[in-house]
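>>> turn this into a model:
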Amino acid sequence: MEVTTGPNGEPILSEDEFELVTGGYYRFNFVCPDAQDDSTGFHLEVNKLLENSHLRVVSVRDIEIYMQGLSFRAIECDEEGSARFSFHPMRSGVYEIYVRDHSDPAQEAFGRFIVE
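The predicted model follows:
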């Protein structure tokens, strides 16, 4: 999912819905091509999905972190770049994707994972 900056600075999601299958293996890419510094970056949270998945690997550039079921709370990009996490969804349901910018008050965008 690529997050770009809209005309008023709001986050724009390239896709806002992902259909998954319980027990499948997935890699989710969070890409921020517009981020230049702390004021232009984006923040991603997928907490309920992570609570109901087996997390395997988190990758930032060429660094891979093997989680083996541990979790994280959020991913932020304060510069142009991307992060990826690999996981197995373990429970069906609809899980929110929450993205915000760094303004105060934050501008937000939402999506969802649908796990069958």
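>>> low-confidence ranges, this protein, go.
For the chain, the stretches flagged by pLDDT under 70 are 68-70.
>>> hang on, Lys48 in a helix?
Yes - Lys48: assigned to a helix according to DSSP: H, G, I helix; E, B strand; the rest coil.
>>> contacting residues for it?
Taking C-beta atoms under 8 Å, 6 or more residues apart in numbering as the contact definition, Lys48 lies against Gly93, Tyr95, Glu96. C-beta: built from backbone N, CA, C; applies to glycine.
>>> which residues of this protein fall in strands?
With DSSP state E, the ranges of strands along the chain come out as 3-5, 11-13, 17-20, 26-32, 42-45, 53-60, 63-66, 75-77, 81-89, 93-101, 108-115.
>>> ok, Arg100 to Arg61 distance?
From Arg100 over to Arg61 the distance is 23 Å, taken as C-beta to C-beta, to the nearest Å.
>>> could you report the neighbour count for the nearest residue to Glu64 once chain neighbours are set aside?
The spatially closest residue to Glu64, leaving aside those adjacent along the chain, is Val57, at 5.5 Å (C-beta to C-beta, 6 or more residues apart in numbering). Residues within reach of Val57, counting by other C-beta atoms under 10 Å, total 14.
>>> quick revisit: who's more crowded, Arg100 and Arg61?
Arg100 (20 against 9).
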